[in-house]
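>>> pasting the structure only:
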């Protein structure tokens with residue numbers, strides 16, 4: 001079987017799946033300010049907010065079930081755009097979860113500080129910001145159809161709306177830009193049943209279908225398969 005045939009076979013397999021859980025980590029145009037380039041464009045190509053929904057819809061990988069959950073990562077800057085993206089994709093925004101980034105030492109132990117009540121609390125890892133230094137990211141949750149249907153929701157009533165987790169690092173201890181912690185996937189899996197799809201994925205995860213141009217590319221990967229199909233469609237339509 002040729003690479004083209006394997007890609008088409010994989011695309012057809014994906015097109016038949018209706019995902020009850022979809023997580024999206026869009027490449028928001030978070031460019032930062034000032035003379036020094038601090039934005040996400042240092043790490044990957046960004047999209048304009050108006051380009052994100054059309055790309056997702058035309059990707060060939062976005063196939064929500066009639067009853068489904070949608071999770072979208074965003075920052076405070078693009079909060080309203082994240083809520084609007086739910087609507088553009090046919091979902092209804094329900095609530096916000098938050099990942100609070102905490103500090104750990106070289107051995108992976110959580111660093112704590114004493115609060116006003118003299119209780120030990122995890123120490124937040126603060127980034128940059130104007131009115132306050134950012135120490136969290138937002139995970140917006142929405143539903144389509146019956147979000148409480150037994151085929152979609154796990155009916156776990158003990159899930160907290162906050163994740164306390166350190167920023168993922170590489171083998172040298174350097175923080176990996178935009179990488180989300182394993183705890184966030186565990187939270188999503190506590191709420192939403194599969195099949196699960198992650199869009200704009202950066203690493204593969206067991207039990208999830210993954211689509212994204214930062215994944216290791218293989219002939220039968222979902223991204224390669226859907227991109228090959230789109231290229232054929234454009235060629236047949238005479239679009240360069």
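Perfect, thanks for sending it. Because the structure is predicted, anything quoted here is derived from the model rather than measured.

>>> Quick check: beta-bridge partners of residue 74?
When bridges are called by DSSP bridges, residue 74 pairs up with residue 138.

>>> Could you do residue 99 as well?
Beta-bridge partners recorded for residue 99 (DSSP bridges): residue 137, residue 163.

>>> That one contacts residue 137, correct?
Yes. The pair residue 99 and residue 137 qualifies as a contact (Cβ atoms under 8 Å) at a distance of 4.8 Å. Backbone N, C-alpha and C define where each C-beta goes, glycine included.

>>> List the residues that are in contact with both of these two.
Counting by Cβ atoms under 8 Å, 6 or more residues apart in numbering, the residues touching both residue 99 and residue 137 are residue 180.

>>> so where's the chain shaky on pLDDT?
Across the chain, residues meeting the criterion (pLDDT under 70) sit at 1-15, 31-45, 107, 114-119, 121, 173, 175-177, 217-240.

>>> Centroid-nearest residue for it?
residue 25 (2.9 Å; Cα atoms, centre = their mean).

>>> Could you pull up the residues touching that one?
72-73, 178, 180, 198-202.

>>> Take those residues and keep only those in strands.
Judged by DSSP state E, the contacts of residue 25 include 72-73, 198-199 as members of strands.

>>> Surely residue 163 and residue 185 touch.
No. Residue 163 lies out of contact with residue 185 (Cβ under 8 Å); the separation is 10.1 Å.

>>> what about the nearest residue to residue 124 once chain neighbours are set aside, neighbour count?
Leaving out its chain neighbours, the residue that sits closest to residue 124 by Cβ to Cβ, 6 or more residues apart in numbering is residue 135, at 3.9 Å. Other residues near residue 135 number 17, with proximity taken as other Cβ atoms under 10 Å.

>>> I figured residue 135 hits residue 126, correct?
Yes. Using Cβ under 8 Å, residue 135 makes contact with residue 126 at a distance of 4.8 Å.
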